[in-house]
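Asks: Here you go, sequence then predicted model.
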Amino acid sequence: MTDTHLAFSISRNSLLDGILIPKFYDPEIAISLRVAEKHFEVMLLSDILLPGDEGSRLGDWIPRENYGTGDVPYVRTSDLYNWRIRADYKKGVSEEVYETVAHRQDVKPSDILFVAHGTYLVGSVGMVTINETKIVLQDHVFRLRVDPASGVHPYLLLAALSTSFVRRQVRSRQFSADIIDKIGERHLGLRVPLPREKTAQMSIVKRVEAVLSEQSETREAIKEASQSDLRMTRERAEARHGFTVVRSKLKKRILIPKYYDPAVEAELKDAQRESSTEWLSIGSMVDRGLLSVETGVEVGKMAYGTGTIPFIRTSDIADWEVKTVRHGVSEEIYREYEHAASLKSGDILLVRDGTYLVGSSALVTEDDLPALICGGVYRIRAIGTDISPFALLAYLNMPIVRKQMRARQFTRDVIDTLGYRLLEVKIPSLVTREAERLAAMVGDVMARKAEVKRNIGSIIKSLEPPIPNVSKGRPGWSMR
């Protein structure tokens, strides 16, 4: 019977570096490599990169007390999305921290960031653009740099590393270390598929360049629509020298100081005074029948991987859209929870539970369906045609609106939750000319972002070898 990843044997003299982990020797990878070599030029990653640390270097461990001390992005594994560093990155560090590691990390435009440690994110990649070189890399992220002598363009390598052909190799090379997986230096042994013809290579390079350029433009449009820089909407440590609250002002027996932060209240009053429209609480819009606000469900970890219907979790929301979801569930599970946690195009997802992600939001599109959402996510749905989800998305990301959410985000066990206090958050009225203007702007941006996602998928597909299905076999593994 043909060897497959479910059952195969290997001779003792075929063991490499004393590795006794079966998936490292998966025979289906060898089969896929032979198929790939018929259609592509297949190169070792180590032959594409500059030698040593210049070509591949891990970032640095930064103590937690440095989080939130400044605005220099501290790029972690979850901050790489759609080939870029996410604009709403979760942690920033100070200039002083940056200066201590900048020379050693040596980040330059066209460097590729590659997730080295984690689980599902290992192998995820992103490109450093000309405006993103001032960053600090976490020690779970590789900085890769192409050797010009290899003849491989960094944009081409970025796309090739995203193929399932390479990602399966990554899975076979990432081993458990304590509570996470690590690929170590084994990433240098990855085999990367590249078109044989230079014209085909340059076509992909130009397509990737167009995607990266469009991403930069849409980010600027998002910043304009939300009246803020997304990177400034995360929680920041601000000096509070103390304030008093009279007993009669206490609400619902809440004794958490930030809930009564006078700076947030003053900024909200200024925003309302300067605005030409009425500001309403989300709860009042629910009471008027303009919005519905519901949470998702928990299907349990045993349901993960049982099918291909996305189960959207808090970490699957970034830059106003749903990322490529890591966990899928079966049709049966979807039907069981469809009434409570399914989605429609135009729904807004807002993170309820977590820490730095609380308040992050995304717009659901047809490309995201069908899907279920987890219990840590709110589904906000406009009722009727008077309310535009595009305007709602923009308003939910206004700095003062995000600050209201932060003030209402309380610690519960080991994570924070926004809870029902979301209903207290005030936003501008959604039935105004300004809301119509924002809706048109955001609608255009989201259409462009959806097209970018489709283009990325198309580019990756063009580099996928036609690998046959060789996954049927007997269980077991042996060494002879």
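Replies: Arrived safely, thanks for sending. Remember, predicted model here, so these are calculated numbers, not experimental data.
Asks: hey, which helix or strand in this structure has the poorest pLDDT?
Replies: Least confident element among the helices and strands of the chain, by mean pLDDT, DSSP states H and E: strand 476-479 (a mean of 36).
Asks: And stretch 148-159, how far out from the chain middle?
Replies: Put simply, stretch 148-159 sits 24 Å off its chain's centre (C-alpha atoms, centre = their mean, to the nearest Å).
Asks: for stretch 178-189, same thing?
Replies: From the chain centre to the centre of stretch 178-189 is a distance of 20 Å (C-alpha atoms, centre = their mean).
Asks: going forward, begin numbering at 4 instead of 1
Replies: Sounds good: first residue 4 from here, last item stretch 181-192.
Asks: buried sites along stretch 110-128?
Replies: Buried residues in stretch 110-128, defined by neighbour count with 16 or more other C-beta atoms under 10 Å: 110, 114-121, 124-128. Heads up, the C-betas are built off the backbone N, CA and C, glycines and all.
Asks: Low-confidence stretches in this structure?
Replies: Low-confidence segments of the chain, defined by pLDDT under 70: 4-8, 231-244, 471-483.
Asks: same thing but at 80, please
Replies: Within the chain, the ranges that satisfy pLDDT under 80 run 4-10, 181, 230-244, 470-483.
Asks: how is it carved up into domains?
Replies: What automatic domain parsing lists as the domains of the chain is 10-210+461-477, 225-240+248-453.
Asks: Could you dump those domains into JSON lines and include distance to S219?
Replies: Converted to JSON lines, these look like this (distance: least, C-beta to C-beta, whole Å):
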{"stretch": "domain 10-210+461-477", "distance to S219": "7"}
{"stretch": "domain 225-240+248-453", "distance to S219": "11"}
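Asks: nearest to E217, of those domains?
Replies: Nearest to E217 among these is domain 225-240+248-453; the distance by C-beta to C-beta comes to 6.3 Å.
Asks: what about that closest one, how long is it end to end?
Replies: Domain 225-240+248-453 stretches 14 Å from its first residue to its last (C-alpha to C-alpha, to the nearest Å).
Asks: Identify the residues contacting the residue nearest to Y123 when sequence neighbours are not counted.
Replies: With C-beta to C-beta, 6 or more residues apart in numbering as the criterion, Y123 has its nearest non-adjacent residue at 4.4 Å, and that residue is R329. R329 is in contact with 123-124, 316, 319, counting by C-beta atoms under 8 Å, 6 or more residues apart in numbering.
Asks: Just say helix, strand or coil for R329.
Replies: Under DSSP: H, G, I helix; E, B strand; the rest coil, R329 falls in the coil class.
Asks: what's the spacing between it and E57?
Replies: 32 Å (C-beta to C-beta, to the nearest Å).
Asks: now do D82
Replies: D82 sits 23 Å away from E57, going by C-beta to C-beta.
Asks: what are the ranges of the helices in this structure?
Replies: Assigned by DSSP state H, the helices in the chain fall at 30-42, 48-51, 55-58, 98-108, 157-164, 167-176, 201-229, 265-277, 285-290, 334-344, 392-399, 402-410, 436-465.
Asks: Format the ones you listed as CSV; extra columns: mean neighbour count.
Replies: CSV is the format used below for these (neighbours: other C-beta atoms under 10 Å):
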stretch, mean neighbour count
helix 30-42, 16
helix 48-51, 19
helix 55-58, 13
helix 98-108, 14
helix 157-164, 25
helix 167-176, 20
helix 201-229, 17
helix 265-277, 13
helix 285-290, 18
helix 334-344, 16
helix 392-399, 26
helix 402-410, 21
helix 436-465, 17
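Asks: and the ones you listed as CSV, adding distance to L18?
Replies: Listed next are those as CSV, based on distance: least, C-beta to C-beta, whole Å:
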stretch, distance to L18
helix 30-42, 14
helix 48-51, 21
helix 55-58, 27
helix 98-108, 35
helix 157-164, 27
helix 167-176, 14
helix 201-229, 36
helix 265-277, 61
helix 285-290, 60
helix 334-344, 40
helix 392-399, 53
helix 402-410, 53
helix 436-465, 33
